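Enquirer: Generate a structure from the sequence data that follows.
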Amino acid sequence: MVDYPGRLSLACVPTPFHCLDRLSARIGGPRIWIKRDDLTGCLTSGNKVRKLEFILAQALADGFDALITAGGTQSNHCRAVAVLGAQLGLKVHLILRVDSDTHPSGNLLLDMLAGATINHYSAEQFSDLSALYAHWSDHYSAEGYKPKIIPVGGSNATGLWGYIAAIEELKNDFDRAEINPTTIIHATGSGGTQAGLIAGLKLHKLEVSVHGYAVCDDAAYFHNKIHTDLTAWKHEYSVNIDIDQLPIITNDKHLGLAYGRAGPEVFQTIKMVAAEEGVMLDPIYSGKAFHGMLEEIKLGRYDQEKDIVFVHTGGIFGLLAQQDQLQF
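Expert: Numbers count the residues shown, from 1 in each chain. The predicted structure follows:
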């Protein structure tokens, strides 16, 4: 039995779990199962709400009444914070890196509709994020708020619990489907989902590997980031686990053009999966990872496996912001 910290009920869970039968037959190789975390909610769609259930529970318990967080222009995390902040009556300030068009569309449009205060910064300015956090924290403190800083992607020791809990859910999914998959695949951007899945597998005693497919940065970066987050989690919650023995596996061969930018092959995969299975991927996270997984299947990487699991981390609003890339 895992002893979880405080948690709010914000996500629509458990999320659906099913096999992509037609696509699996078309591609060949192992059967592809999908965990539909794109269905954790409507405006809160995606993986971030799982982390925020724990982060915001702690924030409310500690008396915070303002949230400051950061991400790219089309950040799914920032959109989730903006929406949940509005639902909980908390002031929200978003620090956004200008990495795409700042015209109100997709996630950015929803940020604005939810009433978040937004500041856009160049990549150079955003590189000193700690200074930006400090500036706005001081600003809101001077106005009488008690501001809570949430890291990019909600990836910290508290946020890890979101995907530790998701593993408990997946364990039940596997039992109901009567499968014993040995690999879980997902898109990794800030590392928090990957770290939570790794920790959850250990705590829930599942012999399964996590393969994070990077959408930015290289495998070395993710190893260091995830190891740091796991170490912080272990110390903060006094968990008796040897972090150094946990495998951190990141595939960085399918990054694409840059963070937030995908090549035509990814958009083709998005269109194929939508038409074949009615599942919508996005070009920033899930589409890149799913395309990378299909390429690895074609190369024979998963030939020894009967079933593999893809965790769909959401991103539909980011797709809508890049609709001009979908050539019909």
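Enquirer: ranges for the strands of the stretch 151-300 of the chain?
Expert: 183-188, 209-214, 249-251 (DSSP state E, counting those that start in this stretch).
Enquirer: Relative to V208, how far out is the residue most central in space within the chain?
Expert: The centre of the chain sits closest to N47, judged by C-alpha atoms, centre = their mean, with a distance of 4.5 Å. Noted for N47: a distance of 18 Å to V208, by C-beta to C-beta, to the nearest Å. Placement of C-beta: from N, CA and C, glycine included.
Enquirer: mind listing the helices for the stretch 201-328 of the chain?
Expert: Per DSSP state H, counting those that start in this stretch, the stretch 201-328 of the chain carries helices over the ranges 219-237, 264-277, 286-298, 316-320.
Enquirer: Tell me which residues of the third one come out buried.
Expert: Pointing back at helix 286-298 there. Buried residues in helix 286-298, counted by 16 or more other C-beta atoms under 10 Å: S286, G287, K288, A289, F290, H291, G292, M293, L294, E296, I297.
Enquirer: and if you look at the second one?
Expert: In terms of neighbour count (16+ other C-beta under 10 Å), helix 264-277 has its buried residues at V266, F267, T269, I270, M272, V273, E276, E277.
Enquirer: pLDDT averaged over that helix, what's the number?
Expert: With pLDDT averaged residue by residue, helix 264-277 scores 97.
Enquirer: What helices and strands are in contact with that helix?
Expert: Judged by 3 or more C-beta pairs under 8 Å, 6 or more residues apart in numbering; DSSP states H and E, helix 264-277 is in contact with helix 21-27, helix 286-298.
Enquirer: Same question for the longest one.
Expert: Counting contacts by 3+ C-beta pairs under 8 Å, 6+ apart, helix 219-237 is packed against helix 192-203, strand 249-251.
Enquirer: could those be laid out in TSV, adding mean neighbour count and distance to G144?
Expert: Output for the helices and strands packed on helix 219-237, formatted as TSV (neighbours: other C-beta atoms under 10 Å; distance: least, C-beta to C-beta, whole Å):
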stretch	mean neighbour count	distance to G144
helix 192-203	27	31
strand 249-251	19	43
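Enquirer: right, and those - which one's nearest G72?
Expert: Taking C-beta to C-beta, helix 192-203 is the member of those nearest to G72, at 15.4 Å.
Enquirer: Centre of the chain to that closest one, how far?
Expert: Distance of helix 192-203 from the chain centroid (C-alpha atoms, centre = their mean, to the nearest Å) equals 12 Å.
Enquirer: which residue ranges form the helices in the stretch 1-150 of the chain?
Expert: 21-27, 48-61, 76-88, 106-113, 123-126, 129-142.
Enquirer: want to try TSV for these, with mean neighbour count, distance to T228 and mean pLDDT as columns?
Expert: Listed next are those as TSV, based on neighbours: other C-beta atoms under 10 Å; distance: least, C-beta to C-beta, whole Å; pLDDT from 0 to 100:
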stretch	mean neighbour count	distance to T228	mean pLDDT
helix 21-27	14	36	96
helix 48-61	24	16	98
helix 76-88	25	18	98
helix 106-113	21	27	97
helix 123-126	13	20	96
helix 129-142	14	15	98
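Enquirer: Make JSON lines from these and add distance to Y163 to it.
Expert: Conversion of the helices of the stretch 1-150 of the chain to JSON lines gives the following (distance: least, C-beta to C-beta, whole Å):
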{"stretch": "helix 21-27", "distance to Y163": "24"}
{"stretch": "helix 48-61", "distance to Y163": "6"}
{"stretch": "helix 76-88", "distance to Y163": "14"}
{"stretch": "helix 106-113", "distance to Y163": "21"}
{"stretch": "helix 123-126", "distance to Y163": "26"}
{"stretch": "helix 129-142", "distance to Y163": "23"}
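Enquirer: what about those, which gets the closest to S238?
Expert: Shortest distance between S238 and the helices of the stretch 1-150 of the chain, using C-beta to C-beta, is found for helix 48-61: 15.9 Å.
Enquirer: how big is the angle separating the closest one from helix 192-203?
Expert: Calculated by axes from the mean of the first three to the mean of the last three C-alpha atoms, to 10 degrees, helix 48-61 forms an angle of 90 degrees with helix 192-203.
Enquirer: number of nearby residues for the closest residue to C12 other than its chain neighbours?
Expert: Nearest-residue entry for C12: G41, 5.2 Å, with adjacent residues in sequence omitted and distances by C-beta to C-beta, 6 or more residues apart in numbering. Using other C-beta atoms under 10 Å, G41 has 18 neighbouring residues.
Enquirer: who's in contact with the nearest residue to H254 once chain neighbours are set aside?
Expert: Once flanking residues are discounted, H254 sits nearest to G292: 3.1 Å by C-beta to C-beta, 6+ apart. Contact analysis of G292 by C-beta atoms under 8 Å, 6 or more residues apart in numbering lists Y213, N251, K253, H254.
Enquirer: What is the nearest of those residues to A195?
Expert: Y213 (15.0 Å).
Enquirer: From R261, how far off is the closest one?
Expert: Computed with C-beta to C-beta, the distance linking Y213 and R261 is 16 Å.
Enquirer: Over to H223?
Expert: Relative to R261, and taking C-beta to C-beta, H223 is found at 24 Å.
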